[in-house]
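*Asks:* Give the three-dimensional model of this entry:
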Amino acid sequence: MYNLKQNIRGDFFGGLNGGIVALPLVMAFGIESGLGATAGLVGAIVLSVITALTGATSLMISGPTAAVTLVSSLIIANELERAASLDAALTTLFVIFFVAGFLQVVFGLIQLGKYIRFVPYPIISGFMNGIGVVMVLIQFLPLIGHPIDIHIGILFNTIPEAIKNFNWQALVLGVSTIAVVYLFPKITRVIPSTLVAIVAVSIAAYLLKWPVPTVGDVSDEWITWRWHHLIKFDHTQWGDVFVPALTIALLGSLDTLLTCLVIDMVTGETHKSNKELIGQGAGNVLSAVAGGLPGAGAILRSVLSINSGAKTRVASLIHSAFLLFALLEIGSIIHFIPFAVLAGMLITVGFTIIDYKGLRDVLKIPKSDALLMLLVMVVTIFAGLLPAFAIGVIFASLSFVKKMADQNITKTEPLLLMPTNEIDLSTIEPVYLSREVLIQELSGPLFFGFASYFKEALTALPNTRAVIFRMERVPFIDQSGLYALQDVLRHLRKKEIVLFFTGIQPEPKEQLFKMGIIPELIQESNLFNSFAHAADKLEQFLKDHPSAKFKKTTLREDLDLDHLKDRLN
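*Replies:* Model (predicted):
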């Protein structure tokens with residue numbers, strides 16, 4: 001049940017700030033698409049409502065995004081050139097959007113979303129960094145008083161001329177907004193600084209009568225758009241709509257699932273990919289019926305909403321309510337918000353998107369992971385999300401194959417958790433092994449495909465006093481594996497579980513030292529060359545710290561420890 005007293009303030013300001021940011025963006029996306037600002041607004045309103053009610057990621061805000069809008073714009077332009085009339089073109093376009101949403105629902109039902117877990121951390125980090133940089137770059141033009149342009153290539157060509165004719169009043173407003181966003185929290189955090197910045201600087205601009213571009217009027221022409229476009233469609237043309245619909249569905253799904261991963265990183269939660277695809281698909285279906293643009297999970301709006309205090313999916317509903325209110329009632333007030341103010345706020349959002357943790361560790365992580373992260377970031381900035389994803393996955397796959405070849409591994413067995421008490425030890429009674437000690441044997445690389453399973457299994461341990469990690473068969477650990485191991489060890493340390501490592505190979509050991517996992521989480525005195533030495537230390541530990549739950553006997557008395565050593569060495 002919703003806790004009104006505990007959550008409403010955070011959800012209100014989170015949804016409101018998300019809506020304030022979304023308003024100029026979705027209008028710009030609508031204009032960019034060729035269907036008008038209202039198509040962007042309708043898409044944002046419908047998608048946020050439907051995904052809030054049916055999606056799996058409670059703090060996600062959905063709507064038209066740059067990546068999906070760019071693909072949609074190309075499809076719209078082609079259809080407008082090909083169709084005999086505007087009405088016929090609209091009919092085909094909204095059928096394409098409808099089918100794209102339906103395909104996303106199918107993706108979720110056939111469990112395609114689960115494969116997002118195989119995306120390695122450097123790719124996600126590269127996306128975050130690229131999107132953050134793009135957001136900062138595309139706000140440069142409105143920051144100096146010129147219209148926004150989301151195409152990086154055109155943006156760089158426009159900048160020299162824009163600088164010659166920059167509007168100094170707009171620049172002052174934008175810089176003032178940035179200053180308020182960063183400095184106001186030093187006074188109080190009761191009111192979100194982004195909201196204070198928008199209201200205060202916009203009022204100042206209005207009172208000073210400075211000639212700066214503003215958001216402008218919001219039309220309600222969308223009310224005349226109906227679902228009759230779908231009914232009039234010539235059903236013999238399904239073949240013509242399937243390929244563009246599939247393109248939008250694939251890109252929208254990828255965009256959404258990457259947003260889910262970013263939200264997971266910000267909140268520490270774990271999303272359900274397939275349910276989220278079903279929710280996004282339903283949202284795009286109904287957006288097409290209402291005459292809106294297709295969209296996906298929006299990273300910038302979602303992160304801003306979370307940073308503004310959002311606690312539940314109610315924030316997404318408030319976001320939609322604000323956009324609907326803006327569409328119907330307060331266009332005359334929104335008219336006075338300068339684009340430079342919004343640009344200043346979005347620059348601060350762009351900086352929050354950047355994965356500073358990944359960039360900070362770029363000299364510590366394996367070189368191949370660092371190169372992959374930087375490559376994905378550059379391609380995201382200059383070519384877009386889909387090419388970056390394709391290049392990133394190909395590069396990661398080739399890098400992984402090379403590492404396997406370097407280790408002379410010709411056969412990869414499934415990576416399973418193998419505690420020693422599953423080994424046939426019929427002649428002994430493994431009291432402590434079964435009740436208090438887990439021996440976790442890792443076989444093969446701890447890499448991005450195994451990291452999520454590893455974290456899930458090791459953070460769900462029963463009542464355990466000690467864990468021995470047998471690392472003899474781990475040839476390397478990539479960035480995803482390092483972060484997964486780091487999270488697991490921190491979780492175990494909080495539970496006061498004693499940790500032992502045996503047989504760490506040189507390369508993984510070097511990475512653990514670089515990342516500070518040794519000695520921050522694992523003391524050097526708890527590193528052993530062999531399991532036998534670790535067992536001796538463990539025996540002494542259990543002897544010195546007897547459990548209150550079990551009889552006070554030593555490990556050697558309950559187990560034939562010498563026999564166990566012979567079996568495991």
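
*Asks:* May I see the buried residues of stretch 25-34?
*Replies:* Leu25, Val26, Met27, Ala28, Phe29, Gly30, Ile31, Glu32, Ser33, Gly34 (16 or more other CB atoms under 10 Å). For glycine as for every other residue, the C-beta is placed from the backbone atoms N, C-alpha and C.

*Asks:* Please read the previous query as pertaining to stretch 383-402.
*Replies:* Neighbour-count burial for stretch 383-402 [16+ other CB under 10 Å]: Gly384, Leu385, Leu386, Ala388, Phe389, Ile391, Gly392, Val393, Phe395, Ala396, Ser399, Phe400.

*Asks:* now those residues as CSV including distance to Ile337?
*Replies:* Converted to CSV, the buried residues of stretch 383-402 look like this (distance: CB to CB, whole Å):
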residue, distance to Ile337
Gly384, 29
Leu385, 28
Leu386, 32
Ala388, 32
Phe389, 34
Ile391, 38
Gly392, 37
Val393, 40
Phe395, 42
Ala396, 42
Ser399, 46
Phe400, 48
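
*Asks:* circling back: among the buried residues of stretch 25-34, which pair sits farthest apart?
*Replies:* Farthest-apart pair in those is Leu25 and Gly34; separation 16.6 Å (CB to CB).

*Asks:* Now tell me which helix or strand of the chain has the poorest mean pLDDT.
*Replies:* strand 418-419 (a mean of 36; mean pLDDT, DSSP states H and E).

*Asks:* From Thr259, how far off is Leu372?
*Replies:* Leu372 sits 20 Å away from Thr259, going by CB to CB, to the nearest Å.

*Asks:* can you check Gln139 too?
*Replies:* When Gln139 is compared with Thr259 (using CB to CB), they lie 20 Å apart.

*Asks:* Can you pick out the residue with more neighbours from those two?
*Replies:* Comparing Gln139 with Thr259 by other CB atoms under 10 Å, the one with more neighbours is Thr259, at 28 against 23.

*Asks:* and the more buried one, what does it touch?
*Replies:* By CB atoms under 8 Å, 6 or more residues apart in numbering, the contact list for Thr259 reads Thr57, Met60, Ala296, Gly297, Ala298, Ile299, Ser302.

*Asks:* Which of those residues fall in strands?
*Replies:* Ala296, Gly297 (DSSP state E).

*Asks:* want to throw the contacts of Thr259 into JSON lines with pLDDT and neighbour count?
*Replies:* As requested, the contacts of Thr259 are exported to JSON lines (pLDDT from 0 to 100; neighbours: other CB atoms under 10 Å):
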{"residue": "Thr57", "pLDDT": "86", "neighbour count": "30"}
{"residue": "Met60", "pLDDT": "92", "neighbour count": "31"}
{"residue": "Ala296", "pLDDT": "94", "neighbour count": "31"}
{"residue": "Gly297", "pLDDT": "93", "neighbour count": "30"}
{"residue": "Ala298", "pLDDT": "90", "neighbour count": "30"}
{"residue": "Ile299", "pLDDT": "85", "neighbour count": "28"}
{"residue": "Ser302", "pLDDT": "91", "neighbour count": "28"}
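
*Asks:* which one of the contacts of Thr259 sits closest to Thr91?
*Replies:* Taking the contacts of Thr259 together and measuring to Thr91 by CB to CB, the closest member is Ala296, at 23.7 Å.

*Asks:* wait, doesn't that closest one sit right on Thr65?
*Replies:* Yes: with contacts defined as CB atoms under 8 Å, Ala296 counts as touching Thr65 at a distance of 5.0 Å.

*Asks:* list the residues that contact both of these two?
*Replies:* With CB under 8 Å, 6+ apart as the test, Ala296 and Thr65 both reach Asp255.

*Asks:* which stretches of the protein form strands?
*Replies:* Under DSSP E, the chain gives strands at 62-63, 296-297, 418-419, 437-443, 466-473, 498-502, 527-528.

*Asks:* Off-centre distance for the fifth one?
*Replies:* Which is strand 466-473. Mean-position distance between strand 466-473 and its chain equals 31 Å (CA atoms, centre = their mean, to the nearest Å).

*Asks:* re the thing from before, which members of the buried residues of stretch 383-402 are positioned in helices?
*Replies:* Leu385, Leu386, Ala388, Phe389, Ile391, Gly392, Val393, Phe395, Ala396, Ser399, Phe400 (DSSP state H).

*Asks:* Would you reformat the residues you listed as a markdown table and include distance to Ile263 and pLDDT?
*Replies:* Output for those, formatted as a markdown table (distance: CB to CB, whole Å; pLDDT from 0 to 100):
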| residue | distance to Ile263 | pLDDT |
| --- | --- | --- |
| Leu385 | 16 | 71 |
| Leu386 | 20 | 72 |
| Ala388 | 19 | 85 |
| Phe389 | 18 | 80 |
| Ile391 | 24 | 90 |
| Gly392 | 20 | 89 |
| Val393 | 21 | 84 |
| Phe395 | 25 | 88 |
| Ala396 | 22 | 85 |
| Ser399 | 27 | 82 |
| Phe400 | 26 | 75 |
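
*Asks:* and which of those is nearest to Ala310?
*Replies:* Leu385 (24.2 Å).

*Asks:* pretty sure that closest one contacts Thr256?
*Replies:* No: Leu385 is not in contact with Thr256 according to CB under 8 Å; the separation is 11.3 Å.

*Asks:* Who are the contact partners of Val105?
*Replies:* Here Val105 is in contact with Leu277, Ile278, Gly281, Ala282, Val285 (CB under 8 Å, 6+ apart).

*Asks:* Just the local confidence number for it, please.
*Replies:* Listed pLDDT for Val105 reads 95.

*Asks:* Report the separation between it and His491.
*Replies:* Taking CB to CB, one finds Val105 at 35 Å from His491.

*Asks:* if we look at stretch 373-381, which residues are touching it?
*Replies:* 122-123, 125-127, 129-131, 133-134, 137, 152, 358, 362, 387-389, 391-392, 395, 479.

*Asks:* Grab the nearest non-local neighbour of Ala162.
*Replies:* Distances taken as CB to CB, 6 or more residues apart in numbering place His146 nearest to Ala162, at 4.7 Å, with adjacent residues excluded.

*Asks:* What's the separation between the one you found and Asn167?
*Replies:* Distance, His146 to Asn167, by CB to CB: 8 Å.

*Asks:* which residues do these two both contact?
*Replies:* What both His146 and Asn167 touch, as defined by CB under 8 Å, 6+ apart, is the set Pro213.

*Asks:* if I read this right, Ile131 contacts Thr352, doesn't it?
*Replies:* No: under the criterion of CB under 8 Å, Ile131 is not in contact with Thr352, lying 11.1 Å apart.

*Asks:* which of those two has more neighbours?
*Replies:* Ile131 (26 against 16).

*Asks:* Could you find the closest non-adjacent residue to that one?
*Replies:* Using CB to CB, 6+ apart, the closest residue to Ile131 is Ile353 (5.6 Å).

*Asks:* just Glu507 next, same as before
*Replies:* That would be Phe476: by CB to CB, 6+ apart, it lies 5.3 Å from Glu507.

*Asks:* pretty sure the one you found is touching Pro366, no?
*Replies:* Yes: counting by CB under 8 Å, Pro366 is a contact partner of Phe476 at 7.3 Å.

*Asks:* And stretch 159-179, what's buried?
*Replies:* Those buried within stretch 159-179 under the rule 16+ other CB under 10 Å are 159, 162, 166-167, 169-174, 176-178.

*Asks:* Now do Leu371, the pLDDT please.
*Replies:* 93.

*Asks:* who's in contact with stretch 12-23?
*Replies:* Here stretch 12-23 has contacts from 41, 44, 61, 63, 191-192, 194-195, 198, 215, 298, 300-302, 304-306, 308-311, 314-323, 326, 334, 342, 345-346, 349, using CB under 8 Å, 6+ apart.

*Asks:* Also stretch 280-290?
*Replies:* Counting by CB under 8 Å, 6+ apart, 42-43, 46-51, 54-55, 62, 94-95, 97-98, 100-108, 222, 225, 227, 230, 249, 252-253, 256, 293-297 sit against stretch 280-290.

*Asks:* Output that stretch as PDB - backbone C-alpha positions only.
*Replies:* Taking C-alpha atoms only, stretch 280-290 is exported to PDB below (Å, rounded to 0.1, in the frame of the first residue of the first chain):
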ATOM      1  CA  GLN A 280       6.900  -0.300 -22.800                       C
ATOM      2  CA  GLY A 281       5.200  -2.100 -25.600                       C
ATOM      3  CA  ALA A 282       1.800  -1.500 -24.200                       C
ATOM      4  CA  GLY A 283       2.700   2.100 -23.800                       C
ATOM      5  CA  ASN A 284       3.800   2.500 -27.400                       C
ATOM      6  CA  VAL A 285       0.600   0.700 -28.600                       C
ATOM      7  CA  LEU A 286      -1.600   3.200 -26.800                       C
ATOM      8  CA  SER A 287       0.600   6.100 -27.800                       C
ATOM      9  CA  ALA A 288       0.000   5.200 -31.400                       C
ATOM     10  CA  VAL A 289      -3.700   5.000 -30.800                       C
ATOM     11  CA  ALA A 290      -3.700   8.500 -29.200                       C
END
